[in-house]
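S.K.: Need coordinates for the following:
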Amino acid sequence: MPWVRRDNQVISYNIKKISDASKAIKRLEKIKNYAQKNLSFSESLIQLSRAEGISEESFSPIDMHAVIDGAVFNIAEYAKSMHVDIQLRRPDEDFWVYGDYDLLERALTNLLSNAIKY
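M.R.: The predicted structure follows:
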């Protein structure tokens, strides 16, 4: 029965194609993860360089409630994807610091991200 043999060959060929596609997808996922890690590392180096080069003269009064809100907003989707519920408990009083808003928000975003990740 030659047709049975051909059907088995076709089935075997299709299984091999599926297996190859699955391996390719896994490789692409690894490449994506490495790219994301490198991007994060590069962004961190840029921020560190910026933080080291900033002078106190460029600092201004910063509302930490706004910094916290911004960091929580930045991390909200990631937290949701990791099934983490972020709850804020803070005093009603204002909380002002002298610094750089962007750097403070980035630092707090990184802390929250690491807390969720690990």
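
S.K.: measure Tyr34 to Ser42 for me?
M.R.: Remark: distance between Tyr34 and Ser42 (CB to CB, to the nearest Å) = 12 Å. To be clear about C-beta, it is placed using only N, CA and C from the backbone, and glycine gets the same treatment.

S.K.: Surely Ile104 is in contact with Tyr98?
M.R.: Just to correct that, residue 104 is Leu rather than Ile. No. The pair Leu104 / Tyr98 is not scored as a contact, 10.4 Å apart, by CB atoms under 8 Å.

S.K.: Which neighbours do those two have in common?
M.R.: With contacts taken as CB atoms under 8 Å, 6 or more residues apart in numbering, Leu104 and Tyr98 have Ile62 as neighbours in common.

S.K.: Compare these two (neighbour count), which wins?
M.R.: The residue with more neighbours, out of Leu104 and Tyr98, is Leu104; 18 against 9, by other CB atoms under 10 Å.

S.K.: secondary structure element for that one?
M.R.: Element membership for Leu104 (DSSP states H and E) is helix 101-117.

S.K.: Could you name the helices and strands sitting against that helix?
M.R.: helix 2-53, strand 60-63, helix 64-81 (3 or more CB pairs under 8 Å, 6 or more residues apart in numbering; DSSP states H and E).

S.K.: For Tyr118, see how far away Leu28 is.
M.R.: Relative to Tyr118, Leu28 is positioned 25 Å away (CB to CB).

S.K.: between those two, who's got more neighbours?
M.R.: Counted by other CB under 10 Å, Leu28 and Tyr118 do not tie: Leu28 has more neighbours, with 10 against 5.
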